[in-house]
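A.B. asks: heads up, no residue letters with this:
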């Protein structure tokens, strides 16, 4: 009987230990499962974070590129606006007029050849320093529009060069004489053109320009007319 009680007691102890071990195993399994789940969640969060960072980086890159393009467009626009503001009257006219219109430009009731020579005479006095076109037009009593067209014409003819300068906050041109146009006015009434003995005229001959009364009279008359003009 006593042996039976010991056996029962032993069995009970073993059962208690087994239950304890089972509890420990359950706790360990639960802990391991929780740890595994946490690890999985952590990894998932890391992957999500990497994806978000990539998305953010891509979006930032896109925005940066967009901003750069916008900046380039703005700079180009500003440059074009500035260029437009810096346009002179001549440049605006050049856009509106054809080459033919500029080359054939005339001012009503004005001798264009004489006007051209007058411009050149004024500019030759300034030599390489040139003259601001507005001053020249004022001197010649021309409107800025007519003066600008004349400047374009003279430049096309090769008589002047135009140097773009900033004068009192405004863009304009300084006109510099390049070459004086050839004029036949000074020899229009020369007696030699209608002289009946011009073929016999020589410097040392009986008929000579040094002793010609017609030439003397022509020169005297021309000098008198020039003095009256001055």
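C.D. replies: Perfect, thanks for sending it. Because the structure is predicted, anything quoted here is derived from the model rather than measured.
A.B. asks: now do the contacts for residue 99.
C.D. replies: Contact partners of residue 99, counting by CB atoms under 8 Å, 6 or more residues apart in numbering, are residue 156. C-beta here means a position set from N, CA and C on the backbone, and glycine is covered the same way.
A.B. asks: what about it, distance to residue 123?
C.D. replies: Per CB to CB, to the nearest Å, residue 99 is found 23 Å from residue 123.
A.B. asks: which parts of stretch 125-137 are buried?
C.D. replies: By 16 or more other CB atoms under 10 Å, the buried positions in stretch 125-137 come out as 130, 131, 133, 134, 136, 137.
A.B. asks: the residues you listed: which two are farthest apart?
C.D. replies: 130 and 137 (14.1 Å; CB to CB).
A.B. asks: how distant is the longest helix seen in the chain from the center of its chain?
C.D. replies: If you go by DSSP state H, the chain has its longest helix at helix 2-85. Offset of helix 2-85 from its chain centre (CA atoms, centre = their mean, to the nearest Å): 56 Å.
A.B. asks: how about stretch 194-204?
C.D. replies: Offset of stretch 194-204 from its chain centre (CA atoms, centre = their mean): 62 Å.
A.B. asks: which of the residues in it are buried?
C.D. replies: residue 195.
A.B. asks: contacts for it, please.
C.D. replies: 192, 206, 207, 208, 209, 210, 212, 214.
A.B. asks: pull the most distant pair out of those.
C.D. replies: In the contacts of stretch 194-204, two members sit farther apart than any others by CB to CB. They are 192 and 206, at 16.4 Å.
A.B. asks: lowest-pLDDT helix or strand in the chain?
C.D. replies: Using mean pLDDT, DSSP states H and E, helix 213-229 stands out as the lowest-scoring helix or strand of the chain, at a mean of 68.
A.B. asks: low-confidence stretches in the protein?
C.D. replies: 1-6, 77-87, 89-90, 180-188, 222-230 (pLDDT under 70).
A.B. asks: so residue 175 sits in a helix?
C.D. replies: No. Remark: residue 175 does not belong to a helix; assigned using DSSP: H, G, I helix; E, B strand; the rest coil, it is strand.
A.B. asks: would you confirm that it contacts residue 133?
C.D. replies: Yes. Counting by CB atoms under 8 Å, residue 133 is a contact partner of residue 175 at 5.3 Å.
A.B. asks: next, residue 202: secondary structure please.
C.D. replies: Put simply, residue 202 is coil when judged by three-state DSSP.
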